[in-house]
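K.L.:
Predicted model and sequence below, questions to follow.
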Amino acid sequence: MKLSKRWGIVLIAVTACMFGIGPIFVRYLSQYLDVQTQNAFRYLSGSLSLFIIVSIFFHKEFKQCLKMWPKLLVASFFIIIMQTFWTLSLYRILPALVSLIGKISIVFTVVISFALFPEERESIKSAKYILGTLLCLSGVIGVILFKEGVTSLQMKWGIIFIISANLFWTFYNVYVHKTLRNYNTVAFTPYVFAISACAFFLIALIKENPLVIIYLPLKVLFILFISGLFCIGLAHSIYYFAIRATGIALASSILLISPFLTAIFSYFIFGEILTMGQLISGAIILIGGYIVSKSKGIKYHRRS
């Protein structure tokens, strides 16, 4: 099935909305579940939806991906570490701030790509890449420094967790780009997410009590289910499908609206208010991200 560019843009916009609300769900669920139990059930829901979609539309490639299970285990390792840190950050810091600081992944991607991929170096040396990266970095620093209470221990740990999450997210994308570039991303992602879900369950069984979901209100169970279904499963499948029509650069540009959506949702649900300095810094981050997206470079994926 071939998708027109117009419909590709629409689907990327829908994906941006799903990615934007993902941190809101995680923050909301933090009052009911521990980190690994939440991760386990969200990734279980997301991987099940992806398995259904991929088995229908990419059946042949789906089966072929089983042959590379050792590589999928390595990819899952990066996802497990990344998601653990990212969720931990949302237990300490409100979603809008997490989303904005998370844009530091653009800086990590550029630096690591320059170090590991000789074919990327010429494009990374371009004025656009350098300007965009510096704007992202300065914007992230501004978002942190203009935050009230940034010296508190909870805020410090939250920032460390966000940065760590995005570092491992970059490692994941670099690994995928280097070792799995000849495989269909949509086809192998369900395996990676399913392995990750199993690992989260195991950690939760050792450290926490995942059976606590039995006692959750139906409303919370529903939110837990749809957060994984839409923000992990459907969002990733739609994104990987749509970029075939839009291209990675245009898709990355559209996805820059996600932090805006997260900030709006977080304001109305959690009362999160960004200072003027943070708003300006956030705008600088998104401008930098837009400039980088217009440059030729390594493909990177999303998370939620």
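P.N.:
Received the coordinates, thanks.

K.L.:
Can you check which helix is longest in the protein?
P.N.:
Across the chain, the helix with the greatest residue count (assigned by DSSP state H) is helix 153-179.

K.L.:
Which strands or helices does the helix or strand following that helix pack on?
P.N.:
The helix or strand immediately downstream of helix 153-179 is helix 185-207, counting by DSSP states H and E. In terms of contacts (3 or more Cβ pairs under 8 Å, 6 or more residues apart in numbering; DSSP states H and E), helix 185-207 is packed against helix 35-57, helix 59-64, helix 69-90, helix 235-246. (C-beta placed from N, C-alpha, C; glycine too.)

K.L.:
can I get the ones you listed in CSV with mean neighbour count?
P.N.:
Converted to CSV, those look like this (neighbours: other Cβ atoms under 10 Å):
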stretch, mean neighbour count
helix 35-57, 22
helix 59-64, 13
helix 69-90, 20
helix 235-246, 21
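
K.L.:
Which of the ones you listed sits closest to residue 258?
P.N.:
Ranking the helices and strands packed on helix 185-207 by proximity to residue 258 (Cβ to Cβ) places helix 235-246 first, at 10.4 Å.

K.L.:
now the angle from the closest one to helix 35-57?
P.N.:
Angle, helix 235-246 to helix 35-57, by axes from the mean of the first three to the mean of the last three Cα atoms, to 10 degrees: 50 degrees.

K.L.:
For residue 155, find the nearest of the helices and strands packed on helix 185-207.
P.N.:
Going by Cβ to Cβ, the one of the helices and strands packed on helix 185-207 nearest residue 155 is helix 69-90, 10.3 Å.

K.L.:
what does that closest one rub up against?
P.N.:
If you take Cβ atoms under 8 Å, 6 or more residues apart in numbering as the criterion, helix 69-90 is touched by 23, 26-27, 30, 35-36, 38-39, 43, 65, 98, 102, 157-159, 161-162, 164-166, 168-169, 171-172, 175-176, 179-180, 188, 191-193, 195-196, 199-200, 303.

K.L.:
average pLDDT across that helix?
P.N.:
Averaging pLDDT along helix 69-90 yields 95.

K.L.:
Output the contacting helices and strands for the following helix or strand past it.
P.N.:
Helices and strands here follow DSSP H and E; after helix 69-90, the next one along the chain is helix 95-101. Helix 95-101 sits against helix 5-29, helix 69-90, helix 127-145, helix 153-179, helix 258-270, helix 276-293, with contacts defined as 3+ Cβ pairs under 8 Å, 6+ apart.

K.L.:
Can you add distance to residue 112 and give those back as CSV?
P.N.:
Output for the helices and strands packed on helix 95-101, formatted as CSV (distance: least, Cβ to Cβ, whole Å):
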stretch, distance to residue 112
helix 5-29, 22
helix 69-90, 12
helix 127-145, 12
helix 153-179, 5
helix 258-270, 22
helix 276-293, 14
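
K.L.:
out of those helices, nearest to residue 251?
P.N.:
Here helix 5-29 is closest among these (Cβ to Cβ), at 4.9 Å.

K.L.:
tell me the angle the longest helix of the chain makes with helix 127-145.
P.N.:
Relative orientation of helix 153-179 and helix 127-145, computed by the same axes, to 10 degrees: 160 degrees.
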